[in-house]
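[1] I would like the atomic coordinates for the input below:
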Amino acid sequence: METPTKIDLEFNRNEDTNKLGVAKMRRLFKGISLGGGQIRIDKLHKKGKLTARERIAYLIDDETEFLELGAFAGHEMYAEYGGCPAGGVVGGIGYVNGRQCMIVANDATVKAGAWFPITGKKNLRFQEIAMENRLPTIYLVDSAGVFLPMQDEIFADKEHFGRIFRNNAQMSSQGIPQIAAIMGSCVAGGAYLPIMSDEALIVEGTGSIFLAGPYLVKAAIGETVDQDTLGGATTQSEISGVTDYKMPDDKTCLDTIRDLVDKFGAFETAGFSRTAPQLPKEDPKEIHGILPAERSKPYNTKEIIKRLVDNSEFTEYKEGYGKTMICAYARIDGWAVGIVANNRQVVKNAKGEVQFGGVIYSDSADKAARFIMNCNQKKIPLVFLQDVTGFMVGTRSEHGGIIKDGAKMVSAVSNSTVPKFTIVIGNSYGAGNYAMCGKAYDPRLIVAWPTAKIAVMGGSQAAKVLMQIQTASQKSKGKEVSPEEQKKLLDEITARYDKQTTPYYAAARLWVDAIIDPVDTRFVISQGIEAANNAPVAKFNPGIIQT
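    Coordinates of the predicted model:
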């Protein structure tokens, strides 16, 4: 395929389709960013409080971009409770006085900042990212605590609410600074999060912190007390000594946090290679025209890579071998990276055999495993570009040892100690998701383009399998299923399955950290590697790869 031009009709058709996908993503995000709605935002402002997003915007350095993560968490979930936009918490990576920090802010417009199950999962993901990358963490607390109607799904298990406080303690022991600002309610078990942080600020008049609020105190011991006397700023700063700084308002509180971060010392770095950043020679915006509107169509993955890497230059590893996998060294925003990408073109191997694009064959799995080992040896971060339908199946592949070669690649990904970053471009099906560093394989960040589809297999294949199973079940009971009934059943299953494969379904459940415009991919990878550079890399142990 030649480099596309703007007068190419297919290019223009692809561009229109993909730009519409990006527009949909931005439209959905705009609604999510309002949290519980304008009425509740206005109520916060009347109390002299900023919203979660306003607090973050004020806190971070001017003219820097905040990398929001988990914005689509909870999307179309909890409808019976009125929804939970962004999981009721806003967070991500931002610069505070020139220092990359993880910033986590409860959204008090969403059920008073109460914790739904997805809220807990999202907060744990933030802490995981902070711990992996040794990022100083700032909590802007404004929460009513656990959402009681769903307490059984958030309270007692290993990955529930209590894990947050365990992580607070672990982060402190690892020397990762944590600052908490009590800018609203902080109740019950939630009171431990700010106080298990290294330093705590509280805003006078709006901030309060206590294990039991006035109503519970009255019910438990018969004492009548108002909220401010029980756990307001003066009480906790001047009587109990629980908090360290009493602040008159939100902005002063955030200014003080900036001043505290300014005094942090530097960490030992991993030492990843970086040179002066260079823009791609090929326009990244052309990615919209290269990706086919019909996701089953082949395309030249190298044209995508050219629009992501500095100077559009890369050095391909084993170019003539394992052609359904592209492995290459390059730089992204100056950072050295090793790229592992599914080649979506139909190719021929050295034997003249046709190999289908997006499928992992034995030779491509072997090639990728070796390349991953090389990147670990050289301390080069890995970038996975996923558009994979899975491993090759059939007699020839099984006789050729596809399971063993696939296991070597999965082992290489599993044991890799250099930071991994995963971009789900298109299909992410079956074991291909695993081999290409899906969420289960600890990518430092995993993001999806609006064109992504994540599932155990493609929608049409899955629907046909499920339809055959259900039809066979009906026949076993002596019931014949007419062609019309079969078609209706197939359509119902396909619609349900297609909904479950969208990037929004995945992002709602935090299978991916964000949905992004392809044009922003360089920024996300660069921010991720800069964060990862805060944490030294462990020695690589290849495991079964060498057997």
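
[2] domain parsing for this structure?
    1-32+270-452+512-539, 35-262, 458-501 (the TED database).

[3] Quick check: mean pLDDT of the last one?
    Just to be clear, that refers to domain 458-501. If you average the pLDDT over domain 458-501, you get 76.

[4] do the same with the first one
    The average pLDDT within domain 1-32+270-452+512-539 is 93.

[5] next one: it to chain centre, how far?
    Relative to its chain's centre, domain 1-32+270-452+512-539 lies at 16 Å (Cα atoms, centre = their mean, to the nearest Å).

[6] all numbers from here: first residue = 39
    Renumbered: residue one is now 39, and that last one reads domain 39-70+308-490+550-577.

[7] re earlier: the domains of the chain into a markdown table, with extra columns for mean neighbour count?
    In short, each C-beta sits where N, CA and C put it, glycine included. A markdown table is the format used below for the domains of the chain (neighbours: other Cβ atoms under 10 Å):
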| stretch | mean neighbour count |
| --- | --- |
| domain 39-70+308-490+550-577 | 19 |
| domain 73-300 | 20 |
| domain 496-539 | 14 |
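
[8] In CSV, list the C-alpha atoms belonging to stretch 275-283.
    C-alpha atoms of stretch 275-283 as CSV (Å, rounded to 0.1, in the frame of the first residue of the first chain):
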residue,chain,number,x,y,z
SER,A,275,-6.0,21.0,63.5
GLU,A,276,-5.9,22.7,67.0
ILE,A,277,-7.4,20.2,69.4
SER,A,278,-6.8,16.6,68.1
GLY,A,279,-3.8,17.4,65.9
VAL,A,280,-5.1,14.9,63.3
THR,A,281,-4.5,17.4,60.4
ASP,A,282,-1.4,19.4,59.8
TYR,A,283,-2.6,22.5,58.0
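
[9] does residue 512 sit in a helix, a strand or a coil?
    Here residue 512 takes the helix state, with states given by DSSP: H, G, I helix; E, B strand; the rest coil.

[10] Which residues are in contact with it?
    518, 519 (Cβ atoms under 8 Å, 6 or more residues apart in numbering).

[11] now with 6 Å?
    residue 519 (Cβ atoms under 6 Å, 6 or more residues apart in numbering).

[12] what helix or strand is the closest residue in space to residue 545 that isn't next to it in sequence on?
    Using Cβ to Cβ, 6 or more residues apart in numbering and skipping the chain neighbours, the partner closest in space to residue 545 is residue 110 (3.6 Å). Under DSSP states H and E, no helix or strand contains residue 110.

[13] where does residue 110 fall, phi/psi-wise?
    phi -90, psi 10 (degrees, to the nearest 10).

[14] and what of the one 5 residues further on?
    Listed backbone geometry of residue 115 is phi -110, psi 160, with angles given as degrees, to the nearest 10.

[15] so what's it up against?
    Applying Cβ under 6 Å, 6+ apart, the residues near residue 115 are residue 546.

[16] ends of stretch 544-558, how far apart?
    End-to-end distance for stretch 544-558, by Cα to Cα, to the nearest Å: 19 Å.

[17] now residue 526: how far from residue 513?
    As judged by Cβ to Cβ, to the nearest Å, residue 526 and residue 513 stand 17 Å apart.

[18] One more: residue 143?
    To residue 513, residue 143 is 56 Å away according to Cβ to Cβ.

[19] Send me stretch 378-392 as CSV with only the CA atoms.
    Taking C-alpha atoms only, stretch 378-392 is exported to CSV below (Å, rounded to 0.1, in the frame of the first residue of the first chain):
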residue,chain,number,x,y,z
VAL,A,378,5.6,-4.8,19.0
ALA,A,379,2.7,-4.4,16.5
ASN,A,380,0.4,-6.8,14.7
ASN,A,381,0.9,-6.5,11.0
ARG,A,382,-2.5,-6.2,9.4
GLN,A,383,-1.4,-6.9,5.8
VAL,A,384,-1.7,-10.3,4.2
VAL,A,385,1.9,-11.6,3.7
LYS,A,386,3.8,-14.6,2.4
ASN,A,387,6.4,-16.4,4.5
ALA,A,388,9.7,-17.8,3.2
LYS,A,389,7.9,-20.9,2.0
GLY,A,390,5.5,-18.9,-0.1
GLU,A,391,2.6,-19.7,2.3
VAL,A,392,0.0,-17.0,2.8
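
[20] Name the residues that touch that stretch?
    336-339, 361-362, 364-365, 393, 395-396, 406, 422-423, 425-426.

[21] again, 7 Å this time
    Applying Cβ atoms under 7 Å, 6 or more residues apart in numbering, the contact partners of stretch 378-392 are 336-339, 343, 361-365, 393-396, 401, 406, 409-410, 420, 422-426, 474.

[22] Now go through those residues and say which are in helices.
    Using DSSP state H, the subset of those located in helices is 339, 343, 401, 406, 409, 410.

[23] any idea which of the residues you listed is the one closest to residue 101?
    residue 343 (29.5 Å; Cβ to Cβ).

[24] residue farthest from the centroid of the chain?
    Computed with Cα atoms, centre = their mean, the residue of the chain farthest from its C-alpha average is residue 516, at 47.9 Å.

[25] Secondary structure class of it, three-state.
    Per three-state DSSP, residue 516 ends up coil.

[26] can you give me phi and psi for it?
    phi 80, psi 20.
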